[in-house]
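> got a sequence here, can you build the structure:
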Amino acid sequence: MKTSTFFLSLFFILVFCKEGKSQGPKDSLTFNKVIVDYMEGIRNTDFEKIKSVFSNDAIVKIPRSGKVITETKNELLLDMRQYKGIKQNFNCTYSTVCYCDAIGIAKIKFAYPLFNLYEYLVIEKQEESWKITQVIKEYNDITDKNSIKLAVDH
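As a prediction, this is how the structure comes out:
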């Protein structure tokens, strides 16, 4: 149900916003900086950097055993503080899925040695700055040949 809500939201964003452009919104440097800062914050377990790019009411949705776990910004930051300074081993890339002048969605691929983690960031313009309001995670075990690939992954 929650996944269908995300895809319904994505549909409306695609209908009302431009799609398929890689440069992002008009102020793409700020939009892209939020994404890059998020990736660096995850890589270096830098909770201050994550805190700076998240909106106050941001949530993270994580699939676990067929259910969706939702974490608030504060819960995520508490978890990150426990692992402060640990540098994670992954390669990452990102692309803009869709955007307009007030909202955009970015897809990040974190390629770890044994699995890929895909994160979809919903980024909204709030008081002249871009903030992440939602993160949705999807895991893909690259060692399992029967693992299902994301339908939107090419």
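> what comes up buried for stretch 117-128?
Buried positions in stretch 117-128, judged by neighbour count with 16 or more other C-beta atoms under 10 Å: 117-123, 125. Every residue, glycine included, has its C-beta placed from N, CA and C.
> for the protein, which spans come out with low pLDDT?
For the chain, residues meeting the criterion pLDDT under 70 lie at 1-29, 141-154.
> quick one, helices of the chain?
2-16, 28-43, 47-53, 73-82 (DSSP state H).
> who touches the longest one?
Translated: helix 28-43. 24-25, 46-50, 52-53, 87-88, 90, 92, 94, 96, 99, 104, 106, 108, 110, 121, 123, 129-132 (C-beta atoms under 8 Å, 6 or more residues apart in numbering).
> in ChimeraX, how would I select the buried members of the residues you listed?
With 16+ other C-beta under 10 Å as the criterion, this ChimeraX line picks the buried residues out of the contacts of helix 28-43:
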select :24,25,46,47,49,50,53,90,92,94,96,99,104,106,108,110,121,123,130,131,132
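> quick one on the thing from earlier: from the buried residues of stretch 117-128, which land in strands?
117-123, 125 (DSSP state E).
> these: which two are farthest apart?
Greatest spatial distance in those: 117 and 125, 26.1 Å, computed using C-beta to C-beta.
> may I have the beta-bridge partners of the closest residue to residue 119 other than its chain neighbours?
With sequence-adjacent residues excluded and distances taken as C-beta to C-beta, 6 or more residues apart in numbering, residue 119 is closest to residue 108, at 4.6 Å. Counting by DSSP bridges, residue 108 is bridged to residue 94, residue 119.
> ok, now which ones touch the residue positioned nearest the centre of the chain?
Geometric centre of the chain, nearest residue: residue 121, 3.0 Å, by C-alpha atoms, centre = their mean. Counting by C-beta under 8 Å, 6+ apart, residue 121 touches 34-35, 38, 105-108, 132, 134-135.
> next: residue 70.
Listed by C-beta under 8 Å, 6+ apart, the contact set of residue 70 reads 59-62.
> beta-bridge partners for it, please?
Beta-bridge pairing of residue 70 under DSSP bridges involves residue 61.
> so how far is residue 122 from it?
Note on residue 70: its distance to residue 122, by C-beta to C-beta, to the nearest Å, is 14 Å.
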